[in-house]
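S.K.: need a structure here:
(one chain, ligands or ions: 1)
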Amino acid sequence: MQIFIDSANIEEIREAAALGVIAGVTTNPSLIAKEKRDYRETLGIISGMVDGPISAEVLSTDFKAMLDEAQSLQAIHPNINIKVPISAEGLRTITELARRGIKTNCTLVFSAGQALLAARAGATFVSPFVGRLDDISNDGLAVLNDIVTIYNNYAIDTQVISASIRHPMHVVESARIGADIATVPYKIIMQLIQHPLTERGIEKFLQDYQAAF
Ligand code: E4P
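M.R.: Residues are numbered from 1 along each chain as shown. Alright, predicted model coming up:
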């Protein structure tokens, strides 16, 4: 499973990219708004930092406006794919963008049925929001599992991005289920690195060495 970073924060992305474990970036309007920087400028900087898929979300909700926005976002950098929320207009947009050879990430997916339609429309990626389902007492990982199973049943090549990750075990379980990608906030990437036995082990090795020499 590949790891993307779910962030629009330039510093976080730079630091995570330096670890060598990040294969792509997902952003969304809320993440961009948090940074209070120009949207296009931010996407341009991110595209220069990570050599992999960068998801940029449309703000419009109707077919024609989403298409125009998609063309304009895609012009920023060839690695940018267009994040389109699932809806009837969204599926039309994904279908047309696929016809034009523009990659898409169908977002705000909360059911296997939505994910099946996204794939049939030709989405490059689909993003089930695991954490937001858990937040309302649904089983986000069960939905992720259904999507991966259905895609495998029919050799669907849309890639599944496990999104809305809330803690390290969401990442591990997403990998166990067989998601292609997990998009992970910076804080959780850092939590994944840590283990108390590793810290204690490093301390003990140093103590032993220093005691002897
Ligand atoms: C996915 O691409 C989204 O940006 C993200 O994972 C949403 O997560 P949230 O539920 O923490 O906002």
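S.K.: so which strand or helix has residue 202?
M.R.: helix 196-212 (DSSP states H and E).
S.K.: Is the residue positioned nearest the centre of the chain in a helix, a strand, or coil?
M.R.: Most central in the chain under CA atoms, centre = their mean is residue 183, positioned 3.4 Å from the mean C-alpha point. Three-state assignment for residue 183 (DSSP: H, G, I helix; E, B strand; the rest coil): strand.
S.K.: Name whatever forms a beta bridge with it.
M.R.: Beta bridges link residue 183 to residue 4 when assigned by DSSP bridges.
S.K.: give me every residue that touches residue 152.
M.R.: By CB atoms under 8 Å, 6 or more residues apart in numbering, the contact list for residue 152 reads residue 178. Where you see a C-beta, it was placed from the backbone N, CA and C, and this is true even at glycine.
S.K.: Now the helix or strand where it lies: buried residues?
M.R.: In this assignment (DSSP H and E), residue 152 forms part of helix 140-153. By neighbour count with 16 or more other CB atoms under 10 Å, helix 140-153 contains the buried residues 140, 141, 143, 144, 145, 146, 147, 148, 150, 151.
S.K.: For the third one, give me the pLDDT.
M.R.: The per-residue pLDDT reported for residue 143 equals 98.
S.K.: Do I have it right that it meets residue 110?
M.R.: Yes - counting by CB atoms under 8 Å, residue 110 is a contact partner of residue 143 at 6.9 Å.
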